[in-house]
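In: structure, please.
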Amino acid sequence: MPQQEFIRVTGARDNNLRDISVDIPKRQLTVFVGLSGSGKSSLVFDTIAAESQRLVNETYPGFVQGFMPQTARPDVDRLEGLTAAIVVGQEALAANARSTFGTATDITGMLRVLFSRIAEPNAGGPAACSFNVPSVSAQGAIQVEKAGGEEGSHPLPAHRRHVPGLQRHRPGH
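Out: Below you'll find the model as predicted:
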C-alpha cells in the first residue's frame, strides 16, 4: 500500500463545518488560523484528531477498550491518510512559568528528531566553528567569569588565538 502524502478530509460537517474538504500535507508543520467561529477547532479536534484517536483505540483489545472513552465517528464523508495524532487541548496549562509549548507538551523531543532528519543547515559560512568540519578543531578551553562570580568553561576553537578578557587553559596544564 503506497504511503499517502496528505491527510484528506472530504465533506466534514461537525459543528460549524459545512461540507468542508481539505488536503493537509504530511511531514510538515501545519497551522490553522482564522476568525473565531470559523471551524478551526471543529476541523482539527472534532474531526481529524477524534477519528485518529478512535482508530488508535480500536487497535486495543476489547478488555482495554472498555476502560477508554468511547467516541462516535465524526460527521464526515471520507478521511484518508490518518496516522496517530498528538492532540494538545486549548485549555490553559498548569505548567511552570518558564515552560514553553514544547516542554509543557513533551513535543520538543519529537520535533528535535523531525528537524534533525529534514533540516538543511544554514547557520554561518565556512568560518563558523563546527566540530563536524575537519578543517576546524578545538584546543583547550576558555575560562568564563559570569556576573555574580560564577565560573564556567567553554571549548576554545583553534582559529581563535586571542579572546579579550578571557584566560586560555589547555587540558593537562
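In: alpha carbons only for contacts and neighbour counts from here, please
Out: Noted.
In: the longest helix in the chain is where?
Out: helix 108-118 (DSSP state H).
In: got phi/psi on residue 5?
Out: phi -90, psi -10 (degrees, to the nearest 10).
In: so it sits right up against residue 26, yeah?
Out: Yes. Using C-alpha atoms under 8 Å, residue 5 is in contact with residue 26, at 5.6 Å.
In: circling back: quick check: mean pLDDT across the longest helix of the chain?
Out: The average pLDDT within helix 108-118 is 80.
In: mind listing what's buried along that helix?
Out: Residues of helix 108-118 classed as buried: none (neighbour count, 16 or more other C-alpha atoms under 10 Å).
In: hey, C-alpha coordinates of that helix in CSV?
Out: This file holds the C-alpha atoms of helix 108-118, laid out as CSV (Å, rounded to 0.1, in the frame of the first residue of the first chain):
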residue,chain,number,x,y,z
THR,A,108,10.2,19.1,22.0
GLY,A,109,11.9,15.7,21.6
MET,A,110,9.7,14.7,18.7
LEU,A,111,10.3,18.0,16.9
ARG,A,112,14.1,17.7,17.6
VAL,A,113,14.0,14.3,15.8
LEU,A,114,11.9,15.7,13.0
PHE,A,115,14.1,18.7,12.3
SER,A,116,17.3,16.6,12.6
ARG,A,117,16.0,14.4,9.8
ILE,A,118,14.7,17.0,7.4
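In: if we look at that helix, which residues are touching it?
Out: Contacts with helix 108-118, where a contact means C-alpha atoms under 8 Å, 6 or more residues apart in numbering, come from residue 102.
In: flag the shaky bits of this protein, pLDDT-wise.
Out: 1-3, 88-95, 121-173 (pLDDT under 70).
In: how about the helices in it?
Out: Under DSSP H, the chain gives helices at 40-41, 50-57, 62-65, 101-105, 108-118.
In: so where do the strands sit in this protein?
Out: Assigned strands in the chain, in chain order: 6-12, 20-25, 78-80, 138-145, 151-157, 167-169 (criterion: DSSP state E).
In: what pairs with the third one, parallel or antiparallel?
Out: It refers to strand 78-80. strand 6-12 (antiparallel) (DSSP bridges).
In: chain neighbours aside, what residue packs nearest to residue 58?
Out: Distances taken as C-alpha to C-alpha, 6 or more residues apart in numbering put residue 65 closest to residue 58, at 7.3 Å, once the chain neighbours are dropped.
In: the one you found contacts residue 54, correct?
Out: No. Assessed by C-alpha under 8 Å, residue 65 is found out of contact with residue 54, at 10.3 Å.
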